[in-house]
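Enquirer: Sequence and predicted model, in that order:
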Amino acid sequence: MQSRLFWPIFVLLLLLAFNLINDPSFFAIEIKQGRLFGSVIDILNRAAPIALLALGMTLVIATGGIDLSVGAVIAISGAVCAYLIQNEIVTSTPLIILAGIGVALIAGLWNGILVSILGIQPIIATLILMVAGRGIAQLITGGQILTFDHVGFEFIGGGTLFGIPFSIVLVVLTYGVTFLVLRKTALGLFIASIGANPTASYFAGIREPQIKILVYMFSGLCAGLAGMILTSDIQGADANNAGLWSELDAILAVVVGGTALTGGRYYIGPTLIGVLILQTMTTTILTNGLPVQFTHIVKAAVVILVMLIMSPQFRGELNRLRTNKTKEII
Amino acid sequence: MEPKSILKVSQLNKSFPGVKALSQVQLELREGEIMALLGGNGAGKSTLIKCITGVYTSDGGSISLSGQSIRGLSAEEIILKGISTVHQEVNLIPTLSVAENIYLGRQPYRFGLIDWAKMNTNAEELLSSMKVFIDVTATLNDYSIAVQQMIAIARGVDMSAKVLILDEPTASLDNKEVEQLFTLMRELKSRGIGIVFVTHFLDQVYDVCDQITVLRNGQFVASSSVDELPQIELINLMLGKQISNKNSSGKSRHTTDSNSKPFLSASNIGRKGMINPCDVNIYSGQTLGLGGLLGSGRTELAKLLFGIVKPEQGTIQIEGEVKAFGSPHDAIQEGLAFCPEDRKVEGIIGELSVLENMVLALQAKQGWFRMIGPKEQKEIGKKFVRSLNIVTSDINKPVKELSGGNQQKVILARWLASGPSLLILDEPTRGIDVGAKSEILQIIDGLCKQGMALMVISSELDEIVEFSDRVSVLKDHNMIAELTGKDISTQKLMETIAHEGRD
Amino acid sequence: MKTRYLPLIATIIVFVSLYLWGALQFDNFFSMRVFTNLFTDNAFLVITAIGMTFVILSGGIDLSVGSMIACVGVSVAVLIEHYQFHPILAFTIVLISAWMFGTFMGILIERYKLPPFIVTLAGMFFLRGLSFVISIESIPITHPFYDEIADFSIPVIGGGNLTASTVIMLIVLIIAVFLAHYTRFGRNVYAVGGNESSARLLGVPVSRTIINTYAFNSFLAALSGIVFSFYTFSGYSLAAMGLELDAIASVVIGGTLLTGGVGFVVGTVFGVLIQGVIQTIISFDGTLNSWWTKIFIGLLLFVFIAMQRLISSGHILVYFKNMKGRVIGDTKADTTRY
Amino acid sequence: ELTIGFSQIGAESAWRSAETESIKSEAEKRGYTLKFSDAQQKQENQIKAIRSFIAQGVDGIILAPVVETGWDRVLKEAKAADIPVVLVDRGIKVKDNDLYLSKIASDFVFEGKLAGAWLAQETNGYANIVELQGGPGAAPAIDRKAGFGQMVEQFPGMEITASQTGEWTRTKGKEVMEAFLKAQGEEIDAVYAHNDDMALGAIQAIKEFGLMPGKDILVVSIDGVKAAFQAMVDGELNATVDCNPLLGPLAFDALEMAFNGKDVDKWIVQKDKINVQQDAAEMIDSRMF
Ligand SMILES: Nc1ncnc2c1ncn2[C@@H]1O[C@H](COP(=O)(O)OP(=O)(O)OP(=O)(O)O)[C@@H](O)[C@H]1O
Ligand SMILES: Nc1ncnc2c1ncn2[C@@H]1O[C@H](COP(=O)(O)OP(=O)(O)OP(=O)(O)O)[C@@H](O)[C@H]1O
Ligand SMILES: [Mg+2]
Ligand SMILES: [Mg+2]
């Protein structure tokens, strides 16, 4: 466990250190208008949607699957909430949230059925919703950006609790509850088991379809929450762009956190670190005024460097080089 | 003239994190010699072999082939040097055809392209010379683990140039196949090829081997010629202790009186292509043995009973009630347990820890919500590590890091822990050493006495005879006979298999 | 007939029935012109999807192909238009560079055990970024060589014609089929994808195979980029966005398992054609608005994949399905596990 | 009855949805059958769509090209089939300009210049400006940047202190603006966004930072969608340059002229102007999109 977290945290600290050198006030946090305020809070706040996606994605990947539809689910849940608010169909905040969560769960259920009952390969099964989902969201919004004013709903993305942005609180809560459930029930064991060896798990009496459906629904739920944060944050549902390509970021974070795409063992804490690494990188690129053309290249280089640092093989080779050098000197 | 030494290992060390798997191990193999490499489960046999064949890099020592050092070469290079290996777990490519598996990396070419026709006929010839008659163009996955074992051996034998290493090749083979293999080994020996042979069947050692090297706890214990080492002494060397030899001296067989109700009763159960309709009755406190040759349909029958495959016809009753199992989960709920023969694919969950593997079935039975507490888990772990004598440095390490025999014990523990009313064992002692074997048999016998029903499939006829109160004999996917009482003997079993059911 | 051909046959059946359905629905659909257009329009996708097939067969994945196409397009355009290179020379340069790039990704994956998904995702960012750096604006290619290529066509009875792109695609296809099924390299790719650690024990040169597979795929992606530039006569840094997903989808629809080791190159071609026909049907219909287009594509994709599953497994519900394949007598189960 | 094929880029923004709607309703009004094809942002899909329009034998084609280059070949095929092609909202680069009938589009460079000129006037030529660019590589982004840049260059007191892509969206616009504010804080005098959506996102970021958009930091953007007018009414956005998507009538006028054998201008320029806060309240109700 220790060594699992060591390298991701090391890399994160490295990135933060770089920022600190660049901008000594990087870690400064002040209270403005009853709200914590500072670069670090910004990073956490911006990372919230991807953190949620990555949590669901971690479990899906642990079962040996993948969920490409999360970006589309973000769009759908956001569109549904915005639609309900704008047309004043539902005005109570809890009901709006329930509606958003409801459609996200249905989306997850659909994915789960395709994967575990129809036996379609996850990448294709979820690709279907990835393509069609955005269409469904646009159908709801009519191709417009649905904007709204609703104090209750805006709290999700814009509100604060004890000065902390609510989206951060939501992430902490979701991670906490998930962690507890995985710890205190056998779900965590079953998920890893299915991913590591589906045949043997089946033989051991684990009901693979149920677990898989559950996991895809959870991933849907996470995406739904992320969708509501994003929608509430800009007070508008942008069916076409909300969460576009965010599935790739989520998967990237999961893998940077050390969970293998082949399934089996998974790591929730490191996934969160992975998300923070990516968001810190994005924010760093933005604040340092890198020309647009180079952002992609820098991102690629950083990702590869991060992964190399974490690769035992690479470190082994470096060590060998170093010891050889010292030998030569002596 | 003393035959030339070809493979020489000395002072070899190998450590894994937390385990010293080999320390100062030595071995010397001469031309035309069959060397038995023996030791208890976890002694380091497979590790030694993997060091020799370049799968692992050893930490120190030397390995030389015909006087040339080969330590540090890659697996690929070692193969080119003329050492071919059949590893303990079948290491073939499940998705390729049988023929391809045999000729992978050395396919015959014609006009610059692979000559499939030639490859297939070659493979067919090679296998039929070993009396295995199968469709070589079918995917390897389609065959049972025993057939896969034979295919792996065929490849190994066909490739051996100087040295052939066989790591427990006979674990799931029956007498006929084993004989076949020995014939081949003797032939290779006469061509001057050196063979390293790992097995837990000591009789086999005395059948074919010339020399014996014994390992214990990763250390070299002794090397001697077969003639100079009687079996009792050998066991002592392997286990480092005396084992009490209370063999099948007197298992009293239960006879079923006609009005007692079976725990499980399947009538007319069958599925096309797997097993033809037949009846099975299993009584609490008793053991049903399934006899038959490889491919006779024993595993298939067990899978039907356990809900892995849905029967096309017939019904299953548990204590008089008709049940239809949609999946193993349903069967487990009714108190069934099934320890499969294919350890790697159907048994262990390699990445999970030893403990997690052990509690898995019990946990699945209880459902995901009611988690077995950490304390209870630990107790289960402790209990079975002790009673099954599982060699592991840490109960929380991934089970794939255990030796083959110990993995087998973990799976056995998994099913014993689930507290079954009916335990189905398919090749239960596969790869388990002599010391542990008798202990395991005792534990199971004890459970039977407490009222557990048992069904045993084994390619060792002795084992079936020793265990069973009744034996059903299968042949070509048909149930052809049932033996009871005094009829249960190795002799009678072999006769039945050989003669009956030829219609 | 072997179980392993079932997904392939299912794919072909789905394609044919889809095409016939289109022909019944729309006038002019069942014409040689529409049929050959299918090839002209999708040649570049077929080429890169063939490369992707090898990568997926080896148990990996490559997300960088779309960016590779864009990057090759821009590079070729700059080399030809700004530096006055002859196209052939420009092609040679980019193909060799692409091969080296693929080798580099392969080394990261094989030698340092980095996950293919991440390495190639970084490759995707890198190549897209490189395209922006080379030229953010789209560059038209005006070299006469391109006109010659455009004018090349083999007429086919019924009003269709085979363009240069189609011919290149067919050549690549034939080579790939031979490579996959009749060379050791191809069989090693299947072996590595089937079970990497076993392949190592069997003496398969695993490292070399994996690295070469990525190199080969990048090479084909670059070739696909060249063919794409024949198609658009230009280089554009935003071209082929998201194409990697189309390519992966084609491979999988064509019956290849993402877990590696199982599948056919020919299946991939049909996977591409199925997606092509879906598009053709939608544009012939011409009444769907933007969002219904997406929903409809998703629905069709679902229907065809479900159909393919149905045909290739023999029954719909895997839940009630039994176990991994055992071939005995004439009953055959699915070879995939669940 | 005549059939017209319309190849649209996609539906990535409200602006484009309005354009699609305009062309669809105009077709209906004038009694044409419209074959609509959404290219999902891909040029290859547009080429395929045009090919299939030709195969179906349409009478005219309206094309909103995703990129300027690469149309020669497919337009030659259209020409060979005698089908007139009208371009809407962007131009293309082809060797032979006869391949298309006419282009109905705004001048993106000019739009950028308008925004720049307004800002120069408003700040008397002294301002630290941050720029939110459109998607990298997109023609409007390149031109709007260029036009704005040309203006700014003429004023030594004006400087673009940071320029990043906001990928046309509110979410990204807000995130990038947040980062700019963190780095430069109150030194920022003005924001120039390549479209309204990003400007609206930036406005939120400025508010959350504790400054007043429209006063402490001037905000100018392009497109002139209704939401932008609302923001101007609220005093948070200072100006937005018109970029009218309602091109349907002009496009069909051009096609009909061609059907009747009349000459058509090669570039029918949309007259763009800049809208400022003072006029917003009275204009907002007349905005269609
Ligand atoms: N990959 C590994 N990682 C860590 N430990 C290992 C690994 N492989 C083997 N070991 C350990 O090395 C020791 C020797 O194992 P090995 O497989 O060589 O035993 P073996 O003699 O072949 O036993 P068996 O008869 O059960 O097959 C065991 O304690 C085992 O746990
Ligand atoms: N020696 C053989 N020759 C031909 N086919 C065989 C042979 N052995 C097995 N098969 C095929 O493989 C299938 C699976 O056999 P399997 O080994 O699972 O049956 P089994 O009776 O359980 O044997 P065991 O459990 O001893 O391995 C058989 O039905 C048969 O078609
Ligand atoms: Mg062993
Ligand atoms: Mg069996």
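Expert: Perfect, thanks for sending it. Ligands and ions are numbered 1, 2, ... in the order given.
Enquirer: What does the pLDDT read for the residue of the stretch 101-250 of chain D found nearest ligand 1?
Expert: Per Cβ to the nearest ligand atom, residue D:175 is where the stretch 101-250 of chain D lies closest to ligand 1, at 46.0 Å. In short, each C-beta sits where N, CA and C put it, glycine included. Listed pLDDT for residue D:175 reads 92.
Enquirer: just checking, it is part of a helix?
Expert: Yes - judged by DSSP: H, G, I helix; E, B strand; the rest coil, residue D:175 forms part of a helix.
Enquirer: okay, the nearest residue to residue C:207 once chain neighbours are set aside: pLDDT?
Expert: Leaving aside its sequence neighbours, residue C:207 sits nearest to residue C:110 (Cβ to Cβ, 6 or more residues apart in numbering or on different chains; 5.0 Å). Note on residue C:110: pLDDT of 95.
Enquirer: What strand or helix carries residue A:17?
Expert: Using DSSP states H and E, residue A:17 sits within helix A:2-22.
Enquirer: List the buried residues in the very next helix or strand once past that helix.
Expert: Using DSSP H and E, the helix or strand that follows helix A:2-22 in sequence is strand A:30-32. By 16 or more other Cβ atoms under 10 Å in any protein chain shown, strand A:30-32 has no buried positions at all.
Enquirer: helices and strands around strand A:30-32, which ones?
Expert: When contacts are defined as 3 or more Cβ pairs under 8 Å, 6 or more residues apart in numbering or on different chains; DSSP states H and E, strand A:30-32 packs onto strand A:35-37.
Enquirer: number of nearby residues for the residue in the stretch 1-150 of chain C that chain B sits nearest to?
Expert: Residue nearest to chain B within the stretch 1-150 of chain C (Cβ to the nearest Cβ): residue C:4, separated by 6.1 Å. By other Cβ atoms under 10 Å in any protein chain shown, 22 other residues sit near residue C:4.
Enquirer: can stretch B:174-194 be found next to ligand 4?
Expert: No - Stretch B:174-194 is not in contact with ligand 4 by Cβ under 5 Å from the ion; minimum separation 10.1 Å.
Enquirer: what's that stretch in contact with?
Expert: The contact list for stretch B:174-194, computed with Cβ atoms under 8 Å, 6 or more residues apart in numbering or on different chains, reads B:6-7, B:29-35, B:130-131, B:146, B:150, B:153, B:157, B:160-164, B:166, B:169-170, B:173, B:195, B:197, B:204, B:207-208, B:293-294, B:459-461.
Enquirer: now that stretch, how far from the centre of its chain.
Expert: Stretch B:174-194 sits 19 Å away from the centroid of its parent chain (Cα atoms, centre = their mean, to the nearest Å).
Enquirer: Show me the strands in the stretch 101-250 of chain A, by range?
Expert: Secondary structure of the stretch 101-250 of chain A, counting by DSSP state E, counting those that start in this stretch: strands at A:145-147, A:160-161, A:164-165, A:236-238.
Enquirer: what does the stretch 101-250 of chain C give?
Expert: C:139-140, C:153-156, C:160-163, C:234-235.
Enquirer: Can you list the strands that the second one pairs with?
Expert: Which is strand C:153-156. strand C:160-163 (antiparallel) (DSSP bridges).
Enquirer: give me the element the single nearest residue of the stretch 201-330 of chain A relative to chain C is part of.
Expert: The nearest approach of the stretch 201-330 of chain A to chain C comes at residue A:296, 3.0 Å away (Cβ to the nearest Cβ). Here residue A:296, judged by DSSP H and E, is contained in helix A:292-310.
Enquirer: Alpha carbons only: can I get that helix in CSV?
Expert: The C-alpha trace of helix A:292-310 is given here as CSV (Å, rounded to 0.1, in the frame of the first residue of the first chain):
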residue,chain,number,x,y,z
VAL,A,292,-1.5,26.9,-27.5
GLN,A,293,0.4,24.9,-30.1
PHE,A,294,2.7,23.5,-27.5
THR,A,295,0.2,22.5,-24.8
HIS,A,296,-0.4,19.1,-26.3
ILE,A,297,3.3,18.3,-26.6
VAL,A,298,4.1,19.3,-23.1
LYS,A,299,1.2,17.3,-21.8
ALA,A,300,2.4,14.2,-23.7
ALA,A,301,6.0,14.7,-22.4
VAL,A,302,4.9,15.1,-18.8
VAL,A,303,2.6,12.0,-19.0
ILE,A,304,5.4,9.9,-20.3
LEU,A,305,7.9,11.2,-17.8
VAL,A,306,5.5,10.5,-15.0
MET,A,307,4.9,7.0,-16.1
LEU,A,308,8.6,6.4,-16.6
ILE,A,309,9.4,7.6,-13.1
MET,A,310,6.8,5.1,-11.8
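Enquirer: Could you check how many residues crowd around residue 282?
Expert: Looking at chain A here, since you left the chain open. Residue A:282: 20 neighbours (other Cβ under 10 Å).
Enquirer: Hmm, no, I was thinking of chain C.
Expert: Neighbours of residue C:282 (other Cβ under 10 Å): 22.
Enquirer: Would you agree it is in contact with residue C:297?
Expert: Yes - under the criterion of Cβ atoms under 8 Å, residue C:282 makes contact with residue C:297 at 7.0 Å.
Enquirer: For burial, what's the neighbour tally of the closest residue to ligand 3 within the stretch 51-200 of chain D?
Expert: Using Cβ to the ion, the single residue of the stretch 51-200 of chain D nearest to ligand 3 is residue D:175, 56.1 Å away. Applying other Cβ under 10 Å, we find 25 residues neighbouring residue D:175.
Enquirer: What residues does it make contact with?
Expert: A:46, A:286, D:166, D:201, D:205.
Enquirer: rerun at 10 Å
Expert: Each residue near residue D:175 by Cβ atoms under 10 Å, 6 or more residues apart in numbering or on different chains is listed here: A:42, A:45-46, A:233, A:279, A:282-283, A:286, D:164, D:166-167, D:169, D:201-202, D:205.
Enquirer: before we move on, what about residue A:231?
Expert: Each residue near residue A:231 by Cβ under 10 Å, 6+ apart is listed here: A:74-75, A:77-82, A:85, A:100, A:146-148, A:153-154, A:156-157, A:237-238, A:242-243, D:171.
Enquirer: Would you mark the buried spots in the helix holding residue A:296?
Expert: Under 16+ other Cβ under 10 Å, the buried positions of helix A:292-310 are A:292-293, A:295-300, A:302-304, A:306-308, A:310.
Enquirer: Output the contacting helices and strands for it.
Expert: Helices and strands touching helix A:292-310, by 3 or more Cβ pairs under 10 Å, 6 or more residues apart in numbering or on different chains; DSSP states H and E, are helix A:2-22, helix A:246-256, helix A:268-287, helix A:312-329, helix C:87-111, helix C:116-134, strand D:158-165.
Enquirer: These: lowest mean pLDDT?
Expert: Mean pLDDT values for those show the minimum at helix A:312-329, a mean of 80.
Enquirer: Between helix A:2-22 and that helix, find me the angle.
Expert: Counting by axes from the mean of the first three to the mean of the last three Cα atoms, to 10 degrees, helix A:312-329 lies at 70 degrees to helix A:2-22.
Enquirer: Any residue of helix A:312-329 touching chain B?
Expert: No - with Cβ under 10 Å from any Cβ of the partner chain as the criterion, chain B is not reached by helix A:312-329; the gap is at least 11.9 Å.
Enquirer: helices or strands next to that helix in the packing?
Expert: The contact analysis (3+ Cβ pairs under 10 Å, 6+ apart) places helix A:312-329 against helix A:2-22, helix A:292-310, helix C:87-111.
Enquirer: Make JSON lines from those helices and add distance to ligand 2 to it.
Expert: What follows is the helices and strands packed on helix A:312-329, written out as JSON lines (distance: least, Cβ to the nearest ligand atom, whole Å):
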{"stretch": "helix A:2-22", "distance to ligand 2": "40"}
{"stretch": "helix A:292-310", "distance to ligand 2": "43"}
{"stretch": "helix C:87-111", "distance to ligand 2": "36"}
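Enquirer: before we move on, back to that, most neighbours, which of the contacts of residue D:175?
Expert: Most neighbours among these, by other Cβ under 10 Å: residue D:202, with 31 neighbours.
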